[in-house]
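# I need the structure of the sequence given here:
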Amino acid sequence: MQRPTCSSQFKLRNFGFYTSESENDLFYRTEWNPSRRIFLVYRVVTWAYQLGWWMAYHIYFGIYEPTTLTTTYLFLTTWAFTFSTIYFTLALALAMVGVIDQKDGTTIKKQSTKALRDSMWVFHSVMQTFNVIVTVLYWAAFRSNPPIAFSYHTHGINVVLSVIDVFVVAFPMRLFHVVYPFTFSVAYFTATLIFHFAGVTSAVYALIDWANHPGLAAGIGVAGCTLGCIIGHSFFFGLYSLRLILSRKSSSVVRPSPVE
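The predicted structure is shown next:
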């Protein structure tokens, strides 16, 4: 009998990238089918879609609004957009390694492959949390102009892709991996402070104005880095738990027990 999803989460090693022997193969397949080739097809499609939007974004603004392209990297949206592209690229590379190195269903234990897997795992958590934060904030507070196509992708379709991904992939999530989006969030808010002292801009957003309202900016930074990351990561962990429940009800899927 399998234990509840959360019962194995609260161990210090889950801050890192420990996996049980039975979990290693889960990084190279979907939750619903053990075929690594089918999983590779999924990875190719999602990577091509994400990269296509990322390239179109840079080509469009690079040609028509080069100044705007530079300033967009001041915003959390572009950071999240880039993190998503990095994640899908690393995920595709890992899926390709899984197909190439597969031998009679054995798991892959190369150190270089583990580094790739762990990097992908980090950006998986970062992408999910950042995407839900920027989407909620954009539609709730920051949208001022009619959205263009890029806005719909970076503030809507991004979350749809993240939700689809968490239901398709088979590899586990860790509650303690919230430290990774938290770390990247701290890096972003530190960058906004650097922009202020460097004279680039003191107010990336109206509510984050280090020149006129430093206390409010600091408070929003603390709240965003803590509550935002906890809520965003917990939302996707809940979807992950739902995925496991649905998987266990499927007689065609044999799921290893959560890590002990």
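# quick one, strands of this structure?
Ranges of strands in the chain, per DSSP state E, are 203-205, 208-209.
# Okay, now the sheet partners of the last one, with direction.
This points to strand 208-209. strand 203-205 (antiparallel) (DSSP bridges).
# and the partner strand, average pLDDT?
What strand 203-205 shows for mean pLDDT is 85.
# How about stretch 237-252?
What stretch 237-252 shows for mean pLDDT is 86.
# re the thing from before, most tightly packed of the strands of the chain?
Comparing those by mean neighbour count (mean count of other Cβ atoms under 10 Å), strand 208-209 ranks first with a mean of 21. For the C-beta atoms, the positions are set from N, CA and C on the backbone; glycine is no exception.
# show me the contacts for residue 210.
Residue 210 is in contact with 192-193, 196, 202-203, 217, counting by Cβ atoms under 8 Å, 6 or more residues apart in numbering.
# which among those gets closest to residue 132?
residue 192 (20.0 Å; Cβ to Cβ).
# Relative to residue 212, how far out is that closest one?
14 Å (Cβ to Cβ, to the nearest Å).
# So between those two, which is more surrounded?
Per other Cβ atoms under 10 Å, whichever of residue 192 and residue 212 has more neighbours is residue 192, with 23 against 9.
# For the more buried one, which non-adjacent residue is closest in space?
Once flanking residues are discounted, residue 192 sits nearest to residue 204: 5.0 Å by Cβ to Cβ, 6 or more residues apart in numbering.
# measure that neighbour to residue 88 for me?
26 Å.
# Likewise for residue 43?
On the measure of Cβ to Cβ, residue 43 and residue 88 end up 8 Å apart.
# wait, what's in contact with the residue positioned nearest the centre of the chain?
Among the residues of the chain, the one closest to the centroid is residue 127, at 1.8 Å (Cα atoms, centre = their mean). Residue 127 makes contact with 80, 83-84, 86-87, 162 under the criterion Cβ under 8 Å, 6+ apart.
# Please consider this matter closed, and thank you.
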